[in-house]
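K.L.:
the sequence and its predicted three-dimensional model are supplied below.
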Amino acid sequence: MKLRRRLPLLGFCAALALLGGLAAAATGSLQAGRGRSPAIPACGQLAGRPVRTTVDSEYAREYLDQLPQRETSDPSFGRELEAVRRGLETDGMDGALLQHLSKRYSPDFATLVFAEYTSTQPANRRAQDAYLRELDAVRRTGEANALADLPEASAYLVLFAPGWLYRSHPESGADLAAERDLLSRAGIESRLIGTEESASVESNAEVMADAIRSHRHSERKLILVSVSKSGPEVALALGKLLQPEESARVEAWINIGGVIRGTPLADAALAFPRRLVARLLVWINGWDFAAVESMATVPRKAAFRELRIPARTKSCRERTISPRSDNLREPLAARLGPSGAVPLPRPPAARKHFRVARSPLVRAVWDKFQQRFPL
């Protein structure tokens, strides 16, 4: 069967499958960290695919190496792994467990456990298998052939919801420029929803709702793509602000690393006395502190319980696993684990982009504060 006949709705353009790589660039930590973790070479199989990377501990290296056969060189470590797996089978995965594993072993170890667990869930396995089949097909036939003249492309419009600080720091990837360019070259029309880059979730959700509402009489179907902070913004628009008839043209929603239930990173920034310095940094950079407050876990979880996403909207959540704890700033990553330490977008070497960092005096005060009140 021809490739174009096999492309599913959520992947009707194989270009969108490549969005998985975005999350690693568009997600990160709110606070700049101190020091770097070890870089231990490791290779193995993860979710049925070969992985060659570097990890932050021997525990993570051993775990990745033993995944296919589930055998370890250390019997005691092997017994601990089996206890963890039995716990996952009975109690499932949650943030508290990932935080425990990060502290007990390392952030990369917790990330690998998370990846193995999610890859074994039936729904995730089906989605991952479909994604990999299409990706392999694109690699065999070439991007140009795979994306040329898609039979249903003209029937869809892709709306991209950008992440936090996407205008002032486009280098983070939160503006989704690379993905929009890819679709443009494939002849697929897309648009960027013009949200305020540092407004609260609730404020931007209104913008999202207006953008979706404006297409309610369109003949084309909508595919929404959100990333990081725009995940809860789209969720709030679809699940609360819009009437069913206003979102009737939304066919699918692809949520990449969206912090729909908030992030502990925001909680950490809002805790006293760090809140005082966080507010100062936000003010100096001209951002809106309401954005940080709106990403805290308490308000987001409360809002999540009230959401009612239309059943007709096909949703897909992409959570990119990127072992190598340099992607997570220490020591916060070790405390929060992979579920809490990756969602907020940051530019590479974020600290140098803060205007406050240009003041030696303020920088010295900030460093002293970090030493006195470590994250």
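P.N.:
Structure's in. What do you need? Residues are numbered from 1 along each chain as shown.
K.L.:
alpha carbons only for contacts and neighbour counts from here, please
P.N.:
OK.
K.L.:
any idea which residue sits dead centre in this structure?
P.N.:
Gly257 (2.0 Å; Cα atoms, centre = their mean).
K.L.:
distance check, that residue against Ala153.
P.N.:
25 Å (Cα to Cα, to the nearest Å).
K.L.:
same deal with Arg305?
P.N.:
35 Å.
K.L.:
likewise Ser230?
P.N.:
24 Å.
K.L.:
higher neighbour count, these two?
P.N.:
Ser230 (29 against 18; other Cα atoms under 10 Å).
K.L.:
and the pLDDT at that one?
P.N.:
Per-residue confidence (pLDDT) for Ser230: 95.
K.L.:
could you look up the SS state of the closest residue in space to it that isn't next to it in sequence?
P.N.:
Spatial nearest neighbour of Ser230, excluding adjacent residues (Cα to Cα, 6 or more residues apart in numbering): Gly163 at 5.4 Å. When classified by DSSP: H, G, I helix; E, B strand; the rest coil, Gly163 comes out as coil.
K.L.:
now do the contacts for Gly163.
P.N.:
Shown in contact with Gly163 (Cα atoms under 8 Å, 6 or more residues apart in numbering): 26, 174-175, 197, 226-230, 345.
K.L.:
lowest-confidence entry in those?
P.N.:
Ala26 (31).
K.L.:
Thr54 sits in which helix or strand?
P.N.:
Assigned by DSSP states H and E, Thr54 falls within strand 49-55.
K.L.:
output the contacting helices and strands for that strand.
P.N.:
strand 40-46 (3 or more Cα pairs under 8 Å, 6 or more residues apart in numbering; DSSP states H and E).
K.L.:
would you mark the buried spots in the strand it packs on?
P.N.:
42-46 (16 or more other Cα atoms under 10 Å).
K.L.:
swap in stretch 100-118?
P.N.:
100-103, 105-118.
K.L.:
any idea of the mean pLDDT for the helix with the most length in the chain?
P.N.:
Ranked by residue count and defined by DSSP state H, the top helix of the chain is helix 122-141. Averaged over helix 122-141, pLDDT sits at 82.
K.L.:
same question, stretch 75-89
P.N.:
In the prediction, stretch 75-89 has an average pLDDT of 82.
K.L.:
buried stuff in it?
P.N.:
78, 81, 85, 88.
K.L.:
need the three-state assignment for the third one.
P.N.:
Local secondary structure at Arg85 is given as helix here, using three-state DSSP.
K.L.:
any idea how far Phe114 is from it?
P.N.:
On the measure of Cα to Cα, Arg85 and Phe114 end up 11 Å apart.
K.L.:
the residue nearest to the centre of the chain against Val225, yeah?
P.N.:
No: at 10.8 Å, Gly257 does not count as touching Val225 under the criterion of Cα atoms under 8 Å.
K.L.:
what are the boundaries of the strands in the protein?
P.N.:
Under the criterion DSSP state E, strands of the chain are mapped to 40-46, 49-55, 156-161, 190-192, 221-227, 250-256, 314-318.
K.L.:
for the third one, name the packing helices and strands.
P.N.:
With contacts defined as 3+ Cα pairs under 8 Å, 6+ apart, the secondary structure elements packing on strand 156-161 are strand 190-192, strand 221-227.
K.L.:
tell me how far the shortest one is from the chain's mean position?
P.N.:
Spelled out, that is strand 190-192. Relative to the chain's own centre, strand 190-192 is displaced by 20 Å; criterion: Cα atoms, centre = their mean, to the nearest Å.
K.L.:
for that strand, packing partners?
P.N.:
strand 156-161, helix 177-185.
K.L.:
for Val292, find the nearest of those.
P.N.:
strand 156-161 (17.8 Å; Cα to Cα).
K.L.:
residue ranges with poor pLDDT in the stretch 1-150 of the chain?
P.N.:
1-37, 67-73, 147-150 (pLDDT under 70).
K.L.:
residues of stretch 183-192 that come out buried?
P.N.:
So, applying 16+ other Cα under 10 Å, buried residues of stretch 183-192: 183, 186, 188-190, 192.
K.L.:
of those residues, which is the nearest to Val138?
P.N.:
Ala186 (13.0 Å).
K.L.:
phi first, then psi, for that closest one.
P.N.:
Backbone torsions of Ala186, given as degrees, to the nearest 10, read phi -90, psi 0.
K.L.:
per-residue pLDDT, it?
P.N.:
77.
K.L.:
not counting residues beside it along the chain, what's closest to Lys314?
P.N.:
Per Cα to Cα, 6+ apart, closest to Lys314 is Ala252, 4.5 Å.
K.L.:
tell me how far that neighbour lies from Asp94.
P.N.:
27 Å.
K.L.:
higher neighbour count, these two?
P.N.:
It is Ala252, of Ala252 and Asp94, that has more neighbours when counted by other Cα under 10 Å, with 19 against 11.
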